[in-house]
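Peer 1: Test case, fold it:
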Amino acid sequence: MTQRLIELLLLIALASAWGLQHGSAGWAVAGALAGAVLWTLLDGLRARRLLRWLNKADTSQSPKFSGVWAELFNRSKKVIKNLERKIDSSNVRLANFLAAIQASPNGVILLDATGRIEWVNLTAAHQLGLDPQKDVGQYIQNLVRSPVFKDYFLGSDFSNAILIGGIGARPSVPSRISVQIHPYGHKRKLMLSQDVTAVELADTMRRDFVANVSHEIRTPLTVLSGFVETLQNIPVTETDRNLYLGMMSQQAQRMQMLVSDLLTLSRLEGSPAPGPGDWLNTDDLLSPAVQETRALSSVIAQPPHEITQVTDAVFCVSGNKSELHSAMSNLLSNAVRYTPPGGSIRTGWLLRPDGGAEFFVEDSGPGIAAEHLPRLTERFYRVDRSRSRESGGTGLGLAIVKHVAQRHGGQLEVKSTMGKGSTFSIVLPPSRVQPINPP
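Peer 2: Numbers count the residues shown, from 1 in each chain. Model prediction:
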């Protein structure tokens, strides 16, 4: 400020001196006024240059100033740089925040006060069939056309989520999306979406499982209760008594098998997969399972089945012996139960071209229709319910086999032709196969 005052006084003095040299005292006063006006114009020009620079806020350009204007320019430049750093920092945080929302497994949509889309992440776009770029500015109720959503959006109660069908949902391929709106700011809305298809299916499977278990246990319990009541209240002959006790024993064994299979499934699902530790001779695995199958066939089939044990290749597989034995026994017992008496059953271990191994059971039974094959490993799924109960199955055998195969890194394969029989195979990867005497 002192420098500006000195500049003003110096310019007035010079102008006054010039006036005195060229005239009277009046000219000196006029020169002083002219000097003041000239200083004012020069100072205004410097102020105008500073204002133009402030309007552009371009810190890469540095106009030259002197005196107080230079100080004002430098301080303004520092303030602008600090603001730019803060803006850059805010932009980085905003970008990180949006990237985090973009990576969210849940859908996120920001809506303005009129219901127009301001921003949408890729998850919500995929779940609701939106375009993250083209649909910005569009009304959400025009894009999500579910009547349930329209009533929900136009209402005022957003305390609970709603369920709507996902993109491409069909009865055979269900898709369920949970949507909930959260008001915020000045009439703005945050809309969250979540794909709950798996949860819905799991809940349906849980209900079906409980219903099936209840049904499977209720049937033998009803038979047992009926025979117990008969024996308690009605005199029966020794022959009838033995008959009733035999049927009761049969139903009790059926419940015991069901409980045993349920416990097996629970153990398989709740325990870690077997490691590559124990190497088991395939012949040692196969022979006991075949002996048990022949014994079962002699009891439930007359004439017994012709069971052939294929021993073309003997090698070692890695896994849990009891689990593999359980899976093999389930496939063999199924073949016995569903193949007519006197039919043929072939079983054995084979080496596959890729170095993996395959345990197969091939029967000459009636075969399975193609529409049933995808659902065979579902718990309690039966192609023919009456036939399955007559054969004594629990409906859990193939589910156990599938779990055992998957726990060993393999899979269960099924091939069947109506009228020509079926082939069930447990396929293990090459990492679980080695020769009996490895080099």
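Peer 1: Setting the sequence-adjacent residues aside, check what's closest to G319.
Peer 2: Leaving aside its sequence neighbours, G319 sits nearest to H408 (CB to CB, 6 or more residues apart in numbering; 4.8 Å). C-betas here are computed from N, CA, C, even on glycine.
Peer 1: can you give me the strands for the chain?
Peer 2: Applying DSSP state E to the chain gives strands spanning 107-111, 117-120, 162-165, 176-184, 188-195, 279-281, 306-310, 316-318, 344-351, 357-363, 411-417, 421-428, 433-434.
Peer 1: Would you check the distance separating the longest one from the middle of the chain?
Peer 2: The reference is to strand 176-184. Mean C-alpha position of strand 176-184 versus that of the full chain (CA atoms, centre = their mean, to the nearest Å) differs by 19 Å.
Peer 1: Next: the third one.
Peer 2: Counting by CA atoms, centre = their mean, strand 162-165 is centred 18 Å from the centre of its parent chain.
Peer 1: In terms of secondary structure, what does it contact?
Peer 2: Here strand 162-165 is seen to pack against helix 147-154, strand 176-184 when contacts are counted using 3 or more CB pairs under 8 Å, 6 or more residues apart in numbering; DSSP states H and E.
Peer 1: Got the confidence number for the residue nearest to G319?
Peer 2: Turning to H408, the model gives it a pLDDT of 88.
Peer 1: From Y338, how far out is it?
Peer 2: Taking CB to CB, to the nearest Å as the measure, H408 and Y338 are separated by 25 Å.
Peer 1: go on, D312?
Peer 2: The span separating D312 from Y338 equals 25 Å under the rule CB to CB.
Peer 1: shaky segments in the stretch 201-350 of the chain?
Peer 2: Applying pLDDT under 70 to the predicted model, the residue ranges of the stretch 201-350 of the chain that meet it are 204-205, 208-209, 211-212, 215-216, 270, 276-277.
Peer 1: residues contacting S425?
Peer 2: The neighbours of S425, taking CB atoms under 8 Å, 6 or more residues apart in numbering as the test, are E358, F359, F360, V361, L412, E413, V414, K415.
Peer 1: Return the most buried member of the helices and strands packed on strand 162-165.
Peer 2: Mean neighbours per residue, mean count of other CB atoms under 10 Å, is largest over the helices and strands packed on strand 162-165 for strand 176-184, with a mean of 17.
Peer 1: can you pull the contacts of T123?
Peer 2: Residues S104, P105, N106, G107, V108, S193 are the ones in contact with T123 under the rule CB under 8 Å, 6+ apart.
Peer 1: what about the fifth one, how many residues close to it?
Peer 2: One way to gauge burial is a neighbour count; for V108, by other CB atoms under 10 Å, it gives 18.
Peer 1: Which residues are in contact with it?
Peer 2: Counted by CB under 8 Å, 6+ apart, V108 has contacts I101, W119, V120, N121, T123, A124, L190, M191, L192, S193.
Peer 1: When you filter the contacts of S425 down to buried only, what's left?
Peer 2: Applying 16 or more other CB atoms under 10 Å to the contacts of S425, the neighbour count classes E358, F359, F360, V361, L412 as buried.
Peer 1: any idea which of those residues is the one closest to N160?
Peer 2: L412 (41.8 Å; CB to CB).
Peer 1: partner residues bridging that closest one?
Peer 2: Residues found in beta-bridge contact with L412 (criterion: DSSP bridges) are I426.
Peer 1: Same question for the one 4 residues further on.
Peer 2: Listed by DSSP bridges, the beta-bridge partners for S416 are S422.
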